[in-house]
Structures are given as C-alpha cells and as structure tokens.
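> here's my sequence, what's the structure:
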Amino acid sequence: MRPEFNIMTVSTIFDACRPRADVLKGNIAEADFAADLAQVILGEGGSEEYTDPVRFFANTYPTRGLQNLLANVCCRLAGSGEEVAAIFRLDTSYGGGKTHGLIALTHAARGMQGVTNIEEFVDPTLLLERRVRLAAFDGENADPANGRAMGDGVLAHTPWGEIAYSLAGKRGYQRVRNSDESRIAPGAETLRELFGGEPTLILLDELSVYLRKVRHIDAARYQLTAFLTSLFKAVEGASNAALVYTLAIGKDGRATDAYNEENQYIADNMAEAESVSARKATLLNPTEEDETVQVLRRRLFESIDESKANAAVNGYRELWAANKESLAGEAARAATVEAFQSSYPLHPEVLETLTGKTATLGNFQRVRGMLRLLARTIAHLWQEQPADATAIHLHHFDPGHEPIRQEIVTRLGQSAYVPAISNDIATSGSGNKALAQEIDAEHHGGMAPYATYVARTIFLHTLAFNDPLKGLSREQLRYSILCPAMDISFIEEARRKFIAESAYLDDRPGAPMRFLAEANLRQIIRREERHVDAGEARVELNDRIRQIFSGDVFDTVRFPGGPFDVPDEVGDGRPKLAVLAYDGETVGESVECVPELIERIFSRKGTEGSALRALRNHIVFVVADDARKQEMRRKAYYRLALRELKNPERLNDLAEHQQGKVRELESRSEQELAVAIQQCYRHIFYPSRSRIGTSGADLAHSAIDMHSASEKPGAGQRQIVRALRDLNKLRLREDEPDSPAYVRDRTPLKKGQITTLALRGEFRRDPALPILIGNDTFIRGLRRGVEQGEYVYRRGELLYGLGDPAASIEIDEQSIVFTMAYAKNTGIWPRAKPDQNGGSAETKPGKDPNKPGVGEGQGPGSTGTGKRRPEATQAEFNKEGVLKDALIQLWEEVRSRGVDQVDKLTIRMFESGDAFRLLGAVGAVPGADKQVTIEGGYETRDGGSFELDFRGPVPDAQPVKEFLQPQLRDAVSANLQAGFELTFAEGLSMQGDAAEKLTERLTRFASGAAYVSATAEVNIR
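Residues are numbered from 1 along each chain as shown. Here you go, the predicted model:
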C-alpha cells in the first residue's frame, strides 16, 4: 500500500532542477569527456574543456583531495624540502578523478593563467612564477614496441625515455638513449641530472595499462621496478622535485578492476621502491567517495532548488520507512537519507551502482564514464518527462534510447548483451516489443512501465567486471525502483511476471537477478516443452511406467480398466501387480477408504465382473498420488523437449556450453522421469485383514516415502517389494518361512490334513497370510514343520516325519501334510515297526492308541489326559516405523506366534508433536492402565536450558504438554522423547478386531514414526 503522505508535495526533477545548456541539448562533444593528459601538457589538440585552464576550473568541483594535492605539490615545487613529501599517490578506486587531478596539477605548475576562481582550489601565493620542468608518462599512449614519437625524430620505447625527453628535450633523451633502446632502467643520479636544478614535476598515469602491453616480456616488468626505485631516489634527492602517480587500488589495498593483476603488481613494487627511498608516498584521493556526486552535480546541473530537493528527500524517507520490511537494508539507514540530501536528484542507488559495479568495467572511466551516461540520460529524461521522475533512478537509464544504448554497447564494450536488451528490455524504433514492454502493455496500461523499470534496473546491476558483483536481490530491486508516484505491489508483480518469462535472466538456483549474454537454457527448454505433442508425451510416460514396474517378482498388469483386465489365475506363479492409470484413479495424502475401482478388481473377476475373485492374496495395487501427477507429466514433456534439442541440427544452434548442458540434462532426464514416476506411484494397496476404514475389501494401505522412491529410479517393483517386506507381507525366496504353528492355525491344515497344492493355494487366497514369491520359502516351511515335529509329510509310499533324513517335498495333489496330532491319532505316525514274524506292530500290546498309556499324564505338568500341560513364558514383540504400519506389523507377528492376548503395549514416539497428539488418544483407551514418560529438554534463544524427566498418568501429563508446546516452538534446539505404556488387566485379545480398533483409535490424530513393543504370555508347547 502507498504510505500516508501527500505525494503532491514531492516535485518532479523537472521542477526542481535545471541542467546545463549543453547537457540539456545533448550536444556535449565526445572530446568533452576525453581527458588526455598528454594533449594538455603539449597544449594542442583535445577538448578545450581540459586544455583551457579557465573552462577546466569553471567545470571542476574543488574536492578536498584536489585542494590538498595542489597545495602539497606547489609547496614542494617551491623548495620546501623536508617539510613536504616528495612523492604522492592518487588512489582513485572509489570516485575517479585521477587524470583530472593530474591535469589540474599541470595547469597549476603553469600558473593557472586567466583562472578567476583560483582561491577555490589553492592559495594563489603558492603558485610558482618561474618555469617548472614538467614530464608525464601515460601508459595508454605508450608504445613499447614501436616507440612513441616525442619530437625531434625521437622515438621513446620506455617510461624513462619519454620522461627524459619531456624534462630535457632531445639532449635529455640522448642521455638515456642506451637505456631506452636496451630497455634497461637508468640510475637515480642520471635521472636527477635531467632536473637541471629547476622545479620539476613528474606525473605517472596508467602504469597498469603499460604493464599489460609488456605482460609477455618478463624483463620489462623487472626493469620497471628498477626504474621506479631509481626515480623515487632521484626525486627524494631534489628539494624542489615532486612525483605524482596514480593507482586503482581499493580501500583494502587490493586491486579490483579490469587491470587488477597489473595494478596489484604496481602497488607491490611501489611499496618496494618506497622502502628504498627516504619516506613513504603521501596517499591522496582527488575525489573522495562522498564528493563524487558533487563533481557530477556541478558538471551536469546549472541549478538545483534546495527547498524542493529537501521536500523530495523527505518524501522518499517516509516512503522507505513505511515499506522497510520489503526493502533492502539501506532504506532503513539514516546515512542513506543523508547521502540522498547530497546527491539529489540522483537516487543513492545510482551512484552506488555506477561506482561499485559499472566502474569495475575496463572501459568505464569512473567520473568521466558516469558523466557520459548521466548526461545522455538527463537529456532523454527532459525530452520524455515521465510523471514518476521525482528523482533520477537506475531505471531511467534507457538502453532502448540509441545514445544510451551506444554508450553501453560500444564504449563500455557490452555488445554481448544486445540480444538480451532487444528481447527482454527494449527495442529501438518500431517493430516487435521486448518482453518488458509487452508485459507493461498488457498489465500496466495508464501506469508507470513497471516491468520496463524492473528490466532496466536488473540490467544496470549486471554491468560489472566480476561475477559476484553482478545482479541484485528482490529487496534491493524494490528499493531501487520505489518512488512516491509508484506502488510497491506493482513492482513485485512486474518482477514475478518478468522473471517467469525472461529468456536472458540467469536461471541458476540461488543466482541473483542478473542478465546473461546468451538466452538461458531454462527458457529455451521451456519454449521447446510448449511444442511437445500431448499424445507423444502420453506414449512416452506410459511406456516408461510399463518399464519401471516390469520385473521378475510381480506379473505387471498395466492400467486395468476393471476386473476383466486382471486374470484370477496362478499363471507363472508370480503375484499380480496392478498399476492403475494415473488419469483413471489417484489418491490424496490422506487415504481413508479403498478406491472403488481397486475394490471391484480385488473382489471380482471375469468379463462381467460377476464372479468372485478367488486368489485375493495374489494381487497388489499401486496407485498414483494426485498431488504428484502433474510433476510426473511435466517431466515427460521435459524429457521429450531435451531429446529434441539434442538432435544435431538443433544442438548446433546453441552456445557451446549450452550444448554440453543439454547433453547432460537429457541424459539425466531419464532418471528424473523415473524418479518422478516412482514418487507419484507411491500408494500401495495390499491384501490384509487390517482393512482401511469401513471398506468391504480385505485391503490395507501403505505409502512409499519420497526418499525411498528415488533411491533406485527405474526399479519400481523393487520399491514395492521392500515396502511389503517391511510390512511383513511379502516373503522372497531367501526369506525365512513363517512358523509352522502359525501356518497350521491360519489354514485348513488345522483340521488335520491338506494337500501341499491346496496349502500353497491358501497363500494365494487368504489375505491374512503373507504373499510368497516362488515355492522355496513354502517348501522350507514344510520341512521346518517336519523337523520341529509339527507336521508329517506323505506322498505315496514316502512318509517323512520327525527324525527322518531330509526328503524331497512336492507341491501337487498327491502330496499331503498332516498335523502331528492328527498323524498320531490316526496311526500315521509314528510309522509301524515290523515284528519278528515280518508283520507290523502299530501299537504296544494291550495299548489303545486313543488313550494314554501307563504312566502318561501322571507327572508334573501333565493335564491328566495324557498330554503335557503347556509351559507359560513371557515374550516381547517389537516393531519400528510409521505408527500405523508398526502396529499392523506388530499384531500380525503376535498372531503368527499363536498368542491369544497382549498384556502390555509400549509406544515410544520420535517426534514431540506426534507424541502430544497421541496423548489424548491414549487417555481415551478403555480397560487399560496408562502411564506416560517424557524425557529430554530444550535450549532457549538466550542460551538457557531446561531438562525434565516426567513419569505419571495421562491427566498429569496434560499440564506438562501445555507448558512444553510453546516453549518448544520458540526453542533454538530441543531433544524430547515421549513414551506410553498401556497395561491391559484383562489382556488385549488377538482373536477379534480389538487390536485393529485400538490401532484406529491411536492413529486417528498421530501418524509419525514410532517404536512399539508388546509383551504377552506365550504357551510353549
């Protein structure tokens, strides 16, 4: 929302400021920006803005650094000797003006003839009336290979050759000619001879550029160091000589611009040269950071209405305060307001960006570069006069305006961004609009061009030499654009729209908002995705789903439409895996019932679906997650788009690094599609007596966690197998079989006998039994039953029982399994022993096989019926996992062991939130004594710590929960464990559905991971 102040009190810049006539007319000559020290010294050529001392000082702001420089150098030239430093370094990394300062020295050394405002810059009495020998070396004009023409036929190849000629003419050059031609630095005494005892001023500029020219000549670097050492000694040895050199070094003493390596080398060698001389160089900055803007304002504006300026700054201050939560930190600082007071009409972000980012470009000459850009922007602004221009912002630099575009593209050497400018920011002239212009036309009619302002601002922040400097954050963007005539919500809206469609913004994760020279690959791929045929994408996705869920464990039935698509037959022995169509059936995050299609397929078979399915424990369903379906589809489109871009004719249209990226992404897209499919197909419905809700089908539900679904992309059956094994529902060939007693009691075998074929069929029919993969586990279970004395196996003449050598077990109608009790009662076992006459004796003489023999049932532990009374012992069963799954597995294991009831149930939750939700459910469980334990503690934001160890009933735990919840939310770290112990006085029966009802009660509000254990009394037979 717009802050509560009257924006009408904030004047536009057109009312508050008056640019200089040449700026306003846009007729500033290129030469006016081209300060050339050599031309000033020669007094010929170049712009009068620099060569004419009157015009030069009229347009120059008297900075503190410039005043100090002129005063110190003039004193030295006057012969102040030891009282004044001889060597001066101009540090210009944060404001420029180094060449400007050297030109000012040149005019001062010549007496500042005709200048009427000398007092603004230097005490007139310090100016010398006699001749000053003046020499300057400018690395930009140096020609080490061919020699620079100095006059009199002299070609100087080195800095010392140029300086010798400038100080003493042809005779001076002859003195160092051998040194110049051999590129060997002269000594200090030789250089001092060139001074001739007269006041001497030596200026060194752009040494880094000279070093770049001789970078491949190691000797040239070494000789430059030797020359600087000699020159320092020579100047120090003359009381009326001064040396001034420039160096682009940051405040931390490190070089950061395009010549950073050379500047750092110069800095290090200057320090070495200074160590040899009498004292260190005096560091001066001709334009301090806080003065740069004054230099710009003086050159650009003829007048600025301070009262209107103050009103505008106050308007921005109120605006920043009202929106401080949405803006960069600068907006909340008092220093920002102070800076704006000094820089108006330039928004603080303009100067910050130009000096901190644009100035690092090799072709950007700081103050001169800023003057060029600003002069063209001001001329264009005064022509257009936008109503929102209450200050000059970065977004007023229009790269669609030809003079500004040429300044950026040509002078700054940023031609690589021409496609980005034309496509995303602004087109020059008529024709198709750029993206930002299209967004404004569609969404911002009659308003400020918000999207265009967003694009321009990001672009200006992109123009930097070092990658870490390029770009800006959302908060900084809003701060840079916001003004009293604009709405911050529209800025954010325009930003989102522009970023979503930009073809040239850096789309790498975590990257700031900045432009790339080439179209970002994300946008290229996105455009290609829009051209993918929907039918082709469906075929690709369906084929991949079929491949992923194919395998050796299950017989996959893909996209069944009803019972008729899923045969009710053993087939090759593998259970069926029904993969439901993602467009036909999906489930949400919460599964409270079995989907109707799944229930029909599970219960029915045949063309009409009228017959009942027999093999209900022979089928598993996998279903898509509704929330993940769209992402799965998108990955299919994404893969097809990359496959198309990988075609050679398309690949050649991309940049080289993009070609490699496309190959990499296309290769990876196959795995990503597989992961997306498995993360979508994460819901499993499997046969179980623990039904979902009130469903009429014996089906339970489990969900594969997202992490596991992506561990083995492309192996969907493997994830389902693991999930079912974790649920104790599936047995692979290598798994241990269920206990013989459990199988006996859960199948018709409990009646005494059954064929192996029929018993194997029970594992395919009964949802209470595990699903067996292959027959190995089944046969091992039968053999174990025989070895443990639970079973007797017979096939034809073969009788296999306890104590016999291992025999082959077949699965067919002729093979029968007996319970040991049945075999004994019917005389099948033990087998008849032959008598002495060759007959058989099935029983001892006089013994009734149906009655206990003499002495049976008489000892301790007997029941009086001839059978020993089972011995009772305590057993504990443990499971870990999601609470509901853990409880389901627990009950299944308890029942598989033949346990009739559970005496005690213990639950330990791993997350405090789940534990607190479970507290109420535990308290409502009837027929049980409930105890709660809470252990652990937390650490506060201020370093405090709290530990607790609670044990007690549920009602006493409620106040502890109410105390802990807000504390844990505010804690910086917490480690809390909660446990629940339910002791059932009458026992929790395993015969009916009491356990399932308890599971439903406990998991209604809590679903987190848990460790559960049950203690029961087990009768050992």
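> every contact and neighbour count from this point should use C-alpha atoms.
Noted.
> just checking, what's the longest helix in this protein?
helix 656-680 (DSSP state H).
> what is that one packed up against?
Judged by 3 or more C-alpha pairs under 8 Å, 6 or more residues apart in numbering; DSSP states H and E, helix 656-680 is in contact with helix 534-548, helix 629-645, helix 706-709.
> out of those helices, which comes closest to Tyr582?
helix 629-645 (7.0 Å; C-alpha to C-alpha).
> beyond that closest one, next helix or strand please.
helix 648-651 (DSSP states H and E).
> what residues sit buried inside that following helix?
For helix 648-651, burial by neighbour count (16 or more other C-alpha atoms under 10 Å) applies to Leu651.
> so what touches that helix?
Glu644, Leu645, Gln659 (C-alpha atoms under 8 Å, 6 or more residues apart in numbering).
> host element of Ile439?
helix 435-443.
> how about the helices and strands packed on helix 656-680, which one is nearest Leu247?
Here helix 629-645 is closest among the helices and strands packed on helix 656-680 (C-alpha to C-alpha), at 49.1 Å.
> rewinding a little: okay, buried residues for the longest helix of the chain please.
In helix 656-680, counting by 16+ other C-alpha under 10 Å, buried: 658-659, 662-663, 665-666, 669-680.
> rewinding a little: deepest in the core, which of the helices and strands packed on helix 656-680 is it.
Per-stretch averages of neighbours, counted by mean count of other C-alpha atoms under 10 Å, single out helix 629-645 among the helices and strands packed on helix 656-680, with a mean of 21.
> quick one: that one to chain centroid distance?
Between the centre of helix 629-645 and the centre of its host chain there is 22 Å, according to C-alpha atoms, centre = their mean, to the nearest Å.
> for the stretch 501-650 of the chain, which segments count as strands?
555-558, 576-579, 586-587, 604-605, 611-612, 619-625 (DSSP state E, counting those that start in this stretch).
> re earlier: what's the angle from the longest helix of the chain to helix 534-548?
If you take axes from the mean of the first three to the mean of the last three C-alpha atoms, to 10 degrees, helix 656-680 sits at 60 degrees to helix 534-548.
> helix 656-680 - what's its average pLDDT?
Helix 656-680 shows a mean pLDDT of 91.
> which element follows that helix toward the C-terminus?
Counting by DSSP H and E, what follows helix 656-680 is strand 683-687.
> who are the packing partners of whatever helix or strand comes next after that next one?
Once the chain leaves strand 683-687, the next helix or strand it forms, by DSSP H and E, is strand 699-703. Under the contact criterion of 3+ C-alpha pairs under 8 Å, 6+ apart, strand 699-703 touches strand 683-687.
> just the mean pLDDT for the longest strand along the chain, thanks.
The single longest strand within the chain, with elements called by DSSP state E, is strand 973-989. For strand 973-989, mean pLDDT rounds to 86.
> check contacts around the residue nearest to Ser945 when sequence neighbours are not counted.
Counting by C-alpha to C-alpha, 6 or more residues apart in numbering, the nearest residue to Ser945 once its immediate chain neighbours are dropped is Glu939, at 4.3 Å. Listed by C-alpha under 8 Å, 6+ apart, the contact set of Glu939 reads Ser945, Phe946, Ala971, Val972, Ser973, Ala974.
> ok, so of those, who is nearest Val553?
Nearest to Val553 out of these is Ala974 (C-alpha to C-alpha; 43.8 Å).
> got the contact list for that closest one?
Counting by C-alpha under 8 Å, 6+ apart, Ala974 has contacts Gly936, Gly937, Tyr938, Glu939, Leu968.
> would you mind checking the residues you listed for buried ones?
Buried among the contacts of Ala974 (16+ other C-alpha under 10 Å): Gly937, Tyr938, Glu939, Leu968.
> now do the SS call for the last one.
Here Leu968 takes the helix state, with states given by DSSP: H, G, I helix; E, B strand; the rest coil.
> cool, the second one as well?
Following three-state DSSP, the label given to Tyr938 is strand.
> report the beta-bridge partner residues of it.
Beta bridges link Tyr938 to Phe946, Ala974, judged by DSSP bridges.
> that older thread, got the angle for the longest helix of the chain vs strand 699-703?
Using the same axes, to 10 degrees: helix 656-680 against strand 699-703 is 150 degrees.
> need the helices and strands packed on helix 656-680 in CSV with distance to Ile266 and mean pLDDT, can you?
CSV is the format used below for the helices and strands packed on helix 656-680 (distance: least, C-alpha to C-alpha, whole Å; pLDDT from 0 to 100):
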stretch, distance to Ile266, mean pLDDT
helix 534-548, 62, 95
helix 629-645, 49, 95
helix 706-709, 56, 58
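> just give me the neighbour total for Gly196.
Gly196: 12 surrounding residues under other C-alpha atoms under 10 Å.
> ok, it to Arg376 distance?
Here the criterion is C-alpha to C-alpha, to the nearest Å. By it, Gly196 lies 48 Å from Arg376.
> which helix or strand contains Val721?
With DSSP H and E as criterion, Val721 is part of helix 716-726.
> is it true that Arg917 touches Phe1005?
Yes: applying C-alpha atoms under 8 Å as the test, Arg917 and Phe1005 come out as touching, 6.0 Å apart.
> of the two, give the one with the bigger neighbour count.
Legend: neighbour count by other C-alpha under 10 Å for Arg917 and Phe1005, higher for Arg917 (18 against 15).
> tell me which residues touch the more buried one, please.
Contacts of Arg917 by C-alpha under 8 Å, 6+ apart are Phe1005, Ala1006.
> recalculate using a threshold of 6 Å.
Contact partners of Arg917, counting by C-alpha atoms under 6 Å, 6 or more residues apart in numbering, are Ala1006.
> let me see the backbone angles for Ala1014.
phi -130, psi 140 (degrees, to the nearest 10).
> distance check, it against Arg530.
57 Å.
> try Asn363
41 Å.
> of those two, which one has the most company?
Asn363 (15 against 12).
> do I have it right that the more buried one meets Leu412?
Yes: using C-alpha atoms under 6 Å, Asn363 makes contact with Leu412 at a distance of 5.2 Å.
> which one is Ala715 nearest to, not counting chain neighbours?
Ile548 (5.4 Å).
> what's the spacing between the nearest residue to Ala78 once chain neighbours are set aside and Phe137?
Counting by C-alpha to C-alpha, 6+ apart, Asn240 is the residue found nearest to Ala78 once chain neighbours are left out, at 6.0 Å. Per C-alpha to C-alpha, Asn240 is found 20 Å from Phe137.
> do the same with Ala1016
98 Å.
> so Arg131, which state does it fall into?
Assignment for Arg131 (three-state DSSP): coil.
> ok, it - how many residues close by?
12.
> number of nearby residues for the residue nearest to Ala78?
26.
> let me know the pLDDT of Leu37.
For Leu37, pLDDT reads 81.
> from Leu127, how far out is it?
Taking C-alpha to C-alpha, one finds Leu37 at 20 Å from Leu127.
> ok, these two, which is more surrounded?
Leu37 (25 against 21).
> may I ask which helix or strand encompasses the closest residue in space to that one that isn't next to it in sequence?
With C-alpha to C-alpha, 6+ apart as the criterion, Leu37 has its nearest non-adjacent residue at 6.1 Å, and that residue is Ile103. For Ile103, the host element (DSSP H and E) is helix 98-109.
> C-alpha coordinates for that helix, PDB please?
The C-alpha trace of helix 98-109 is given here as PDB (Å, rounded to 0.1, in the frame of the first residue of the first chain):
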ATOM      1  CA  LYS A  98      42.900  10.800 -11.100                       C
ATOM      2  CA  THR A  99      43.600  12.100 -14.600                       C
ATOM      3  CA  HIS A 100      41.500  15.200 -13.700                       C
ATOM      4  CA  GLY A 101      43.800  15.700 -10.800                       C
ATOM      5  CA  LEU A 102      46.900  15.400 -12.900                       C
ATOM      6  CA  ILE A 103      45.500  17.900 -15.400                       C
ATOM      7  CA  ALA A 104      44.800  20.300 -12.500                       C
ATOM      8  CA  LEU A 105      48.500  19.900 -11.400                       C
ATOM      9  CA  THR A 106      49.600  20.600 -14.900                       C
ATOM     10  CA  HIS A 107      47.700  23.900 -15.100                       C
ATOM     11  CA  ALA A 108      48.900  24.800 -11.500                       C
ATOM     12  CA  ALA A 109      52.500  24.200 -12.500                       C
END
